[in-house]
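Chemist: missing the sequence, but the structure's below:
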């Protein structure tokens, strides 16, 4: 038995032997890299399912008075589309996949703080996903992804109880991930990596996980109360028994507004890594980008009631919530301008990853600006029930998080698999997605302003032309996702070998082999500076042996 | 988590540098445990928010057919719980100073007082349900809030009593030493947390 002590910072170091059995290595693994890939595959499957529900809706909306699905099925489709995409796709992707894979490597750690907890977090996720799908079979939920009472209290919709249990479970999973990652970032950084030397992706993960740690329990309480009311008749939300439906909205949005920052902050982190790497320039305003993430995290807790402007929120509360919502655009704007300044005068390489990242800047900014429209109480009263909201949300999540996620896939894929994705196929996929997302969601802005209501299966024939444009465009996004899957699968055996650092990036994960060893680093490195000073020597010591054939570190218990 | 920390403690025998390693893992576990308590705090806060929100919209309060709760009995029961917080504090202090017998005495006192609080709560529930006919699902928002919140707190106390008993058995069997007693620290933090929640619940249900 031995405990290896890394040279350099003198941090006590501890290596566990690599598990040998198939089950412990690939199924019930505690290795953050394997768990990340598990999250990735599972989330992608749910993404295909959630996307199919969206396409079924788009087919129904092709005709103004279409009969592809009946009205109730249509309600179920958008409920499940939203629920799956928010809880089973976006949040697991940004934290479970990107956070799990990249964050421990970027801080120079061998794993997360509590690897077993990490494994349990993952395994709750497919279980919760299957429970959510099973709600389709038992009186499916129809009240949207928010499941507002009193519709969600309808006793015939038995699936709502299953839906609530599923959301509760994925909430437990998120909370455990958040606890794990917060402790990892605060306590397990390599020697010398002070907070202001952390890569910006790690800053984004810290902010996201702190939000997730606090906010997710509030969601758990909201759906637990809904469950109790449905199953045991305990009255919280039913006005007939003295409850208040608006209370549910408060509790739900106290989580779900921060949840959009849970989704978008890691996307900001991904963009902050990719832009300097492909512009070959130090990131502009490192501290401002880092601190603005924390500012967004903090302010994100104080704006939830802007979702309730049309729900009878007291007028004296409307103004403060409107103003704080406006204030959030300030740290977000700080980021956008810092990224633009990073690109300014850079020697930009237009790789697939960079193209996704740059399109993020445009589309996310549009989504942010429409958010300011909706934050204004008088405009929101007009726009709240309309397609303008759908357009806004899909620009910030689709045009924000999904674009950043694809940028991240292309960026970190060589690190994960050791092989490059095909750039040509990737660019075709990129332009397909651009046509798709713009064609689908841009017309929704004016359709919404003209008064086309969301949540309905049939609509006024005057909007038919643009809806047909949207439906056709949406299939370009399907094509793009399929192209990505083809690209990913073929690259696994036919992709060009990438080597350890195909992009010339400077963060720690690129200084070790691709894919990394089980133990990540042969010796825990010591950090002397920021990872963004292109043209300077790397600010790390202790990495000399990483790319050599020197023996692996001795695991504890091996001799 | 468990496997890693156990291995660390196994390794602790005969390795000089391990004290530092232990300090780091204990630090991680402390932050992790505090984070857990923070999420638990949000659990109670959300339900407290719900109760205050509903109470604020409801007229009249208390609802027709519900008497005001019996403050004097609950106050007595609270004293039992707060007393157990004090004995828990002294148990940990005595452990830190190596006074095992006094530690054991205070620890057992904590467990007994915690169980006493639960007995008091059971008596109060029985009285409410059978004499006053106030129930969880049958008394509107009052029954819903009162039984959900105090019930959740009661479950927390029950888990705490079992947890403290396990910790006590562990300490008897020499799992912890004078310098390495993270489990006892965690148990103390949890127990104080349960106390603090009761301060809030007592205030919102019995006093205002």
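Modeler: Everything's here; your move. No experiment lies behind these values; they were computed from the predicted model shown.

Chemist: in stretch A:284-294, what's buried?
Modeler: Within stretch A:284-294, the residues scored as buried using 16 or more other CB atoms under 10 Å in any protein chain shown are A:284, A:285, A:286, A:288, A:289, A:290, A:291, A:292, A:293, A:294. C-beta: built from backbone N, CA, C; applies to glycine.

Chemist: got it, and stretch B:159-170?
Modeler: Here stretch B:159-170 shows B:160, B:161, B:163, B:164, B:165, B:167, B:168 as buried, counting by 16+ other CB under 10 Å.

Chemist: mind giving me a markdown table with those and columns for secondary structure?
Modeler: Converted to a markdown table, the buried residues of stretch B:159-170 look like this (DSSP: H, G, I helix; E, B strand; the rest coil):
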| residue | secondary structure |
| --- | --- |
| B:160 | helix |
| B:161 | helix |
| B:163 | helix |
| B:164 | helix |
| B:165 | helix |
| B:167 | helix |
| B:168 | helix |
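
Chemist: from those residues, which single one is nearest residue A:493?
Modeler: Here the nearest of the buried residues of stretch B:159-170 to residue A:493, counting by CB to CB, is residue B:163; it sits at 51.6 Å.

Chemist: what's the distance between the most centrally placed residue in chain B and chain A?
Modeler: For chain B, the residue nearest the mean C-alpha position is residue B:194 (2.9 Å; CA atoms, centre = their mean). Remark: distance between residue B:194 and chain A (CB to the nearest CB, to the nearest Å) = 17 Å.

Chemist: which residues sit in contact with that residue?
Modeler: Residues near residue B:194 by CB atoms under 8 Å, 6 or more residues apart in numbering or on different chains: B:81, B:153, B:156, B:157, B:160.

Chemist: restrict the buried residues of stretch B:159-170 to contacts with chain A.
Modeler: Subset of the buried residues of stretch B:159-170 in contact with chain A: empty, counting by CB under 8 Å from any CB of the partner chain.

Chemist: can you redo these as CSV with distance to residue A:142?
Modeler: As requested, these are exported to CSV (distance: CB to CB, whole Å):
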residue, distance to residue A:142
B:160, 41
B:161, 44
B:163, 42
B:164, 47
B:165, 48
B:167, 48
B:168, 52
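
Chemist: longest helix in chain B, by residue count?
Modeler: Criterion DSSP state H: the longest helix present in chain B is helix B:18-57.

Chemist: any idea of the mean pLDDT for that one?
Modeler: Across helix B:18-57, the average pLDDT comes to 85.

Chemist: so how far is it off the chain centroid?
Modeler: 12 Å (CA atoms, centre = their mean, to the nearest Å).

Chemist: hmm, that helix in reach of chain A?
Modeler: Yes. Using CB under 8 Å from any CB, helix B:18-57 comes into contact with chain A via B:18, B:20-21, B:24, B:27-28, B:31-32, B:35-36, B:38-40, B:42-43, B:46-47, B:49-50, B:53-54, B:57.

Chemist: just the buried residues of those residues.
Modeler: Here, 16+ other CB under 10 Å leaves B:18, B:21, B:24, B:28, B:31-32, B:35-36, B:38-40, B:42-43, B:46-47, B:49-50, B:53-54 buried among the residues of helix B:18-57 next to chain A.

Chemist: pLDDT weak spots in the chain?
Modeler: Since you didn't name a chain, this refers to chain A. Applying pLDDT under 70 to chain A picks out residues A:1-14, A:555-559.

Chemist: let's do chain B instead
Modeler: Counting by pLDDT under 70, the ranges of chain B that qualify are B:1-26.

Chemist: in it, which spans are helices?
Modeler: Counting by DSSP H, the helices of chain B are B:2-11, B:18-57, B:71-96, B:100-126, B:140-172, B:182-202.

Chemist: show me the helices in the stretch 201-350 of chain A, by range?
Modeler: For the stretch 201-350 of chain A, applying DSSP state H, counting those that start in this stretch gives helices covering A:245-279, A:286-299, A:315-343.

Chemist: ok, back up a step: columns distance to residue A:106 on top of the contacts of residue B:194, output as a markdown table?
Modeler: Below are these laid out as a markdown table (distance: CB to CB, whole Å):
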| residue | distance to residue A:106 |
| --- | --- |
| B:81 | 45 |
| B:153 | 41 |
| B:156 | 37 |
| B:157 | 42 |
| B:160 | 38 |
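
Chemist: pick the one among those residues closest to residue A:269.
Modeler: The closest of these to residue A:269 turns out to be residue B:156 (CB to CB; 35.9 Å).

Chemist: count of neighbours near that closest one?
Modeler: 20 (other CB atoms under 10 Å in any protein chain shown).

Chemist: just give the nearest non-adjacent residue to it, would you?
Modeler: Sequence neighbours aside, residue B:194 is the residue nearest to residue B:156 in space, at 5.1 Å (criterion: CB to CB, 6 or more residues apart in numbering or on different chains).

Chemist: repeat that for residue A:189.
Modeler: residue A:107 (4.5 Å).

Chemist: that neighbour reaches residue A:193, doesn't it?
Modeler: Yes. Residue A:107 sits in contact with residue A:193 when judged by CB atoms under 8 Å, with a separation of 6.2 Å.

Chemist: so between those two, which is more surrounded?
Modeler: Just comparing residue A:107 and residue A:193: by other CB under 10 Å the higher neighbour count belongs to residue A:193, 26 against 23.

Chemist: tell me the spacing between that one and residue A:110.
Modeler: Counting by CB to CB, to the nearest Å, the gap from residue A:193 to residue A:110 is 14 Å.

Chemist: swap in residue A:244?
Modeler: Residue A:244 sits at a distance of 49 Å from residue A:110 (criterion: CB to CB).

Chemist: kindly report the same for residue B:185.
Modeler: Residue B:185 sits 26 Å away from residue A:110 when distances are taken as CB to CB.
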